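Participant: Provide a 3D model corresponding to the input given below.
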Amino acid sequence: MLQIYSDGSFNAASRIGGWAFIVFEDGDQLHEANGCEPGMDNNRFELLAVTKAVKWVEENAKSREVWLWTDSFHVVEGCYRWRKIWRNNGWHRITANAHARRRSIPNALLWQELDTLLMHNANVEIQWCKGHAETPGNIRADMLARQFT
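Facilitator: Got it, this is the predicted structure:
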């Protein structure tokens, strides 16, 4: 089984964010990747890190069992609780008030991309890990993501 740790970072002053992921097998590091781009919030970069990691799995380890660890509860909740609802609602939030406007989902295009990737890679399980808790993979991913912010 592959263990992947992902993390995102964002600097509000510069509006630049970083993302990173690291792939391990049996405790040995197989791969790492990181990058940066302009953005608006930290959630985007947490989501981007997971998306990039699942893309890597699709291209390099399609049939492998994968646990993808993130310290973003937002991403975990989005993947397991909200993603299917958003998809069924045309990637909008629906309120109980029928007269209220349908609100768009922040980072909807990125959520749609991750949704498609996860549907094609059912072997990927998104897991939550506590951030800054001495988990070596999480610490390394955090350091790589922060290189740019």
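
Participant: Helices along the protein, start to end?
Facilitator: Per DSSP state H, the chain carries helices over the ranges 42-60, 73-77, 83-88, 108-120, 136-146.

Participant: Kindly reformat those as JSON lines and extend each row with mean pLDDT and distance to residue 8.
Facilitator: All C-beta atoms are positioned from the backbone trio N, CA, C, and that covers glycine. Shown next, in JSON lines, are the helices of the chain (pLDDT from 0 to 100; distance: least, CB to CB, whole Å):
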{"stretch": "helix 42-60", "mean pLDDT": "98", "distance to residue 8": "3"}
{"stretch": "helix 73-77", "mean pLDDT": "97", "distance to residue 8": "9"}
{"stretch": "helix 83-88", "mean pLDDT": "93", "distance to residue 8": "18"}
{"stretch": "helix 108-120", "mean pLDDT": "97", "distance to residue 8": "11"}
{"stretch": "helix 136-146", "mean pLDDT": "95", "distance to residue 8": "6"}
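
Participant: out of these, which comes closest to residue 24?
Facilitator: helix 136-146 (6.1 Å; CB to CB).

Participant: Touching the closest one from outside, list them.
Facilitator: 3-9, 18-22, 24, 32, 34, 45, 49, 69, 71, 129-132 (CB atoms under 8 Å, 6 or more residues apart in numbering).

Participant: quick one: buried residues of that helix?
Facilitator: Using 16 or more other CB atoms under 10 Å as the burial criterion, the residues of helix 136-146 that qualify are 137-142, 144-146.

Participant: ranking the helices of the chain by burial, who's on top?
Facilitator: helix 42-60 (a mean of 22; mean count of other CB atoms under 10 Å).

Participant: what angle sits between it and helix 136-146?
Facilitator: Counting by axes from the mean of the first three to the mean of the last three CA atoms, to 10 degrees, helix 42-60 points 110 degrees away from the direction of helix 136-146.

Participant: between helix 42-60 and helix 108-120, how big is the angle?
Facilitator: 30 degrees.

Participant: helices or strands next to helix 42-60 in the packing?
Facilitator: For helix 42-60, the packing partners by 3 or more CB pairs under 8 Å, 6 or more residues apart in numbering; DSSP states H and E come out as strand 2-11, strand 16-25, strand 28-38, strand 66-70, helix 73-77, helix 108-120, strand 124-128, helix 136-146.

Participant: All set now, cheers.
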